[in-house]
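Student: What follows is a predicted protein model with its sequence.
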Amino acid sequence: MKIELLDANINKIKADFEAILIVGKKIDHKFVKDSDKFKELNYDGGSNLLLLESKRLYIGVKELGYDQIRLAMSQIYNTLKNYNVKTIKISSYVYKCTTKTYQAVVEGFVLGSYEFNKYKSEAKKSKIEKIFISTDEYSGKKVKIEKAKLALKSGKIIAKATNFAKDGVNEIPEIYTPLKMAKEALKLAKKHSNIECKVYDKKFLKKERMNAFLMVNRASVHDPYMIHLKYTPKNKSKKRVVFVGKGLTYDSGGLSLKPASSMLTMKCDKSGALAAMAIIKAAAELKLPFEIHAVLGATENMIGGDAYKPDDVIITRSGISVEVRNTDAEGRLVLADCLDWAQELKPDILIDMATLTGACVVGLGEFTIGLLGRNEEFKAEYKRVASDSGELMNSLEFNDHLRECIKSKIADISNTATTRYGGTTTAGLFLEQFIKEENRDNWIHMDIAGPAYIERAWGYNQYGASGAGVRANLYYLQSLAREEK
Ligand code: BES
Ligand code: ZN
Ligand code: ZN
C-alpha cells in the first residue's frame with residue numbers, strides 16, 4: 001500500500017473511493033457531498049456511513065485529535081479492504097500542527113492494516129494499493145507541502161517500526177528463541193550502515209558475573225544472549241539515550257510455575273526487547289540527532305532439574321545480593337544485570353521497557369503503560385510529549401513504605417515484595433536499586449505488560465502484539481530533536 005500526497009483539489013483526483021471525515025457531527029461542511037442521502041437515511045454524522053453507489057465513506061469523529069485521525073484512517077482501510085477498492089482519496093484534516101497530523105494519517109493506515117497471518121494456510125489479501133491525500137484542507141488553509149511530505153515519511157517509518165516489533169512478538173516461541181533475536185538484531189545492523197550490533201554469549205555473561213541473567217536462563221535448552229545495538233548519527237550527537245529491553249522469549253514462570261491460562265500469551269514477554277530494537281531501526285531511518293543504544297536481555301524462563309529455585313540467593317553483576325522468593329519474578333533479575341551493564345555506556349537518558357508485572361494490567365487496565373521512576377518532573381514531561389503518539393500512559397509514584405517491602409531477611413533485597421499490593425511499584429523499586437545515583441533522575445521504567453499483547457482488538461490494534469512503547473519513545477525522541485534544533 002502506497003500513500004501519496006497530491007497538490008490538487010480532491011475532485012480532480014481519480015480514485016475508486018473517497019473517504020470523508022465528519023468532525024463533531026458538522027454535516028454542513030464543504031467536504032460533505034451527500035446531504036440529500038443523509039436526510040433520506042437520517043444520518044447525523046455521529047457514526048460511519050458507507051455509500052456504495054456514490055462510492056463515498058463517511059467517518060464520524062468527535063474531534064480532530066491525532067489519535068482520532070489514526071483511528072479514522074484505520075477504519076477507512078478496514079471497511080474498504082473487503083470490497084473491490086484499489087485506490088482511495090481523502091482530503092487533509094490538519095490538527096494543531098501540520099507535521100504530526102500527516103504523521104498520524106500514515107500511522108493510522110499502516111498500523112490499522114497490519115496482519116499476522118504467517119500460520120494461516122489461506123490469508124485473504126486486501127486489494128487496496130494506493131491512498132491519495134489531497135492538500136485540500138478542512139479549515140480552508142493551505143498545507144505546506146514539503147513539510148507534509150516529510151511528515152508522511154516519518155509516519156511511515158514510525159508505524160513500520162511498530163509493525164516490525166509486532167512481527168517479532170507475534171512469532172511463536174519455538175521459532176523466536178534468544179538466538180533468533182540475536183540474528184534479527186545482526187540483520188538490522190547489516191541493513192543500516194549507521195547501526196552496529198554486538199551479540200554477547202553465555203561465556204561473556206559469565207565473565208561479567210551476570211549471575212541473575214544466567215540463573216533465569218539455566219533450565220532453558222536455549223542459550224541466553226545479551227544483544228547490544230547502537231545507532232550513531234552523522235553529526236556529533238548532543239545526547240546519549242540508552243534503552244534496555246526485557247527479552248523473555250518465553251516465560252513459563254519457572255519452578256514457581258504459572259497457571260496454564262496465564263502461561264498462554266507469554267511469548268509476549270519479549271515485547272520490551274522488540275520495542276527497543278524497533279526504536280533503533282526507526283531512529284536510524286529518521287536520522288535522529290542522538291546516539292541511541294538498545295541493550296536486550298534475551299532468554300527463556302523454564303523448568304527442569306537445573307532450574308533456579310525459590311530460596312536461592314544470587315549475587316548480581318552490581319554486587320547486590322538478591323533472595324529469590326519467586327522464579328516468576330524473573331524479568332527484574334534479567335533487567336538488574338542488563339541495566340547495570342548498560343550504565344557503563346554513560347547514558348544521558350536511560351529508559352527500560354518490560355512486560356514486568358501482572359499487577360500493572362490489574363491496576364491500569366490492558367490499554368495503559370505504567371511509567372515509573374524517581375524523577376516526577378521527567379516522567380510528567382515524558383508523558384506530555386509522548387502522549388501525542390496515541391499510546392496511553394499512567395505515572396505511578398514511588399514511596400518509602402513500599403521501598404521497605406522489598407527488603408530481604410537473608411540478602412540485600414528480595415525479588416518479590418512482602419505485600420501483595422502495589423506490585424508494579426515494588427517491581428520498579430527493585431529495578432531502582434540497580435540504577436546508579438547519577439542516573440536515577442534520568443531513568444524511566446515503562447511497564448508495558450498491559451498493552452503489549454492484545455487479546456481483544458481495540459482501536460487500530462489487532463489481536464496479538466501491539467508494539468507497545470515504540471511510538472511513545474519515538475515521539476519523545478522526535479520532540480527532543482526539535483528542542484535541540
Ligand atoms: N511476564 C510476567 C508479567 C506479565 C503478566 C506480562 C501479564 C504480561 C502479562 C512477569 O515475569 C511475572 O510473571 N511477574 C509476576 C511477578 C510476581 C511473581 C511478583 C506477576 O506479575 O505475577
Ligand atoms: Zn514471570
Ligand atoms: Zn516475565
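Tutor: Perfect, I can see it now. Ligands and ions are numbered 1, 2, ... in the order given.
Student: Can you give me the neighbour number for Lys141?
Tutor: 10 (other C-beta atoms under 10 Å). (C-beta placed from N, C-alpha, C; glycine too.)
Student: can you check Lys236 too?
Tutor: Neighbours of Lys236 (other C-beta under 10 Å): 8.
Student: For the stretch 1-150 of the chain, which residue gets nearest to ligand 1?
Tutor: Phe116 (18.0 Å; C-beta to the nearest ligand atom).
Student: What helix or strand is that residue located in?
Tutor: Following DSSP states H and E, there is no helix or strand that holds Phe116.
Student: what's the burial count for it?
Tutor: 17.
Student: How about Gly46?
Tutor: Gly46, neighbours per other C-beta under 10 Å, totals 12.
Student: what residues are up against the residue in the chain that ligand 3 sits nearest to?
Tutor: When scored by C-beta to the ion, the chain has Asp251 as its residue closest to ligand 3, at 3.7 Å. Asp251 makes contact with 258, 263, 266, 269, 300-301, 328, 330-331 under the criterion C-beta atoms under 8 Å, 6 or more residues apart in numbering.
Student: Contacting ligand 2 as well, which ones from the residues you listed?
Tutor: 328, 330 (C-beta under 5 Å from the ion).
Student: Can you add neighbour count and give the contacts of Asp251 back as TSV?
Tutor: Below are the contacts of Asp251 laid out as TSV (neighbours: other C-beta atoms under 10 Å):
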residue	neighbour count
Lys258	16
Met263	14
Met266	20
Asp269	27
Glu300	26
Asn301	30
Asp328	19
Glu330	29
Gly331	28
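Student: Greatest separation within the contacts of Asp251: which pair is it?
Tutor: Met263 and Gly331 (14.9 Å; C-beta to C-beta).
Student: Check the chain for the residue nearest ligand 1 and tell me.
Tutor: Gly358 (3.4 Å).
Student: Pull the number of nearby residues for that residue.
Tutor: Considering only other C-beta under 10 Å, Gly358 is surrounded by 15 other residues.
Student: Skip the chain neighbours and tell me the closest residue to it.
Tutor: Ala449 (6.5 Å; C-beta to C-beta, 6 or more residues apart in numbering).
Student: Let me know the secondary structure of the one you found.
Tutor: Here Ala449 is recorded as coil under DSSP: H, G, I helix; E, B strand; the rest coil.
Student: How about the contacts made by it?
Tutor: By C-beta under 8 Å, 6+ apart, the neighbours of Ala449 are 354-358, 360-361, 370.
Student: residues in contact with the residue of the stretch 1-150 of the chain closest to ligand 1?
Tutor: Listed by C-beta under 8 Å, 6+ apart, the contact set of Phe116 reads 166-167, 170, 462, 464-465.
Student: Tell me which of those residues fall in strands.
Tutor: Assignment to strands by DSSP state E places the following of the contacts of Phe116 there: 464-465.
Student: is it possible to export the contacts of Phe116 to a markdown table including distance to ligand 3, pLDDT and neighbour count?
Tutor: As requested, these are arranged in a markdown table below (distance: C-beta to the ion, whole Å; pLDDT from 0 to 100; neighbours: other C-beta atoms under 10 Å):
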| residue | distance to ligand 3 | pLDDT | neighbour count |
| --- | --- | --- | --- |
| Lys166 | 19 | 98 | 28 |
| Asp167 | 20 | 98 | 19 |
| Asn170 | 17 | 98 | 22 |
| Gln462 | 23 | 97 | 20 |
| Gly464 | 18 | 98 | 19 |
| Ala465 | 15 | 98 | 29 |
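Student: Spatially, which two of the contacts of Phe116 are the most separated?
Tutor: Taking C-beta to C-beta as the measure, the contacts of Phe116 span a maximum distance of 12.1 Å, between Asp167 and Gln462.
Student: burial of Leu49, as a residue count?
Tutor: With other C-beta under 10 Å as criterion, Leu49 counts 18.
Student: circling back: output the contacts of Asp251 in TSV, with secondary structure and pLDDT appended to each entry.
Tutor: Below are the contacts of Asp251 laid out as TSV (DSSP: H, G, I helix; E, B strand; the rest coil; pLDDT from 0 to 100):
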residue	secondary structure	pLDDT
Lys258	coil	98
Met263	helix	98
Met266	helix	98
Asp269	helix	99
Glu300	strand	98
Asn301	strand	99
Asp328	coil	99
Glu330	coil	99
Gly331	helix	99
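Student: got the residues of the protein near ligand 1?
Tutor: 251, 269, 326, 328-331, 355-359, 361, 416, 423, 449 (C-beta under 6 Å from any ligand atom).
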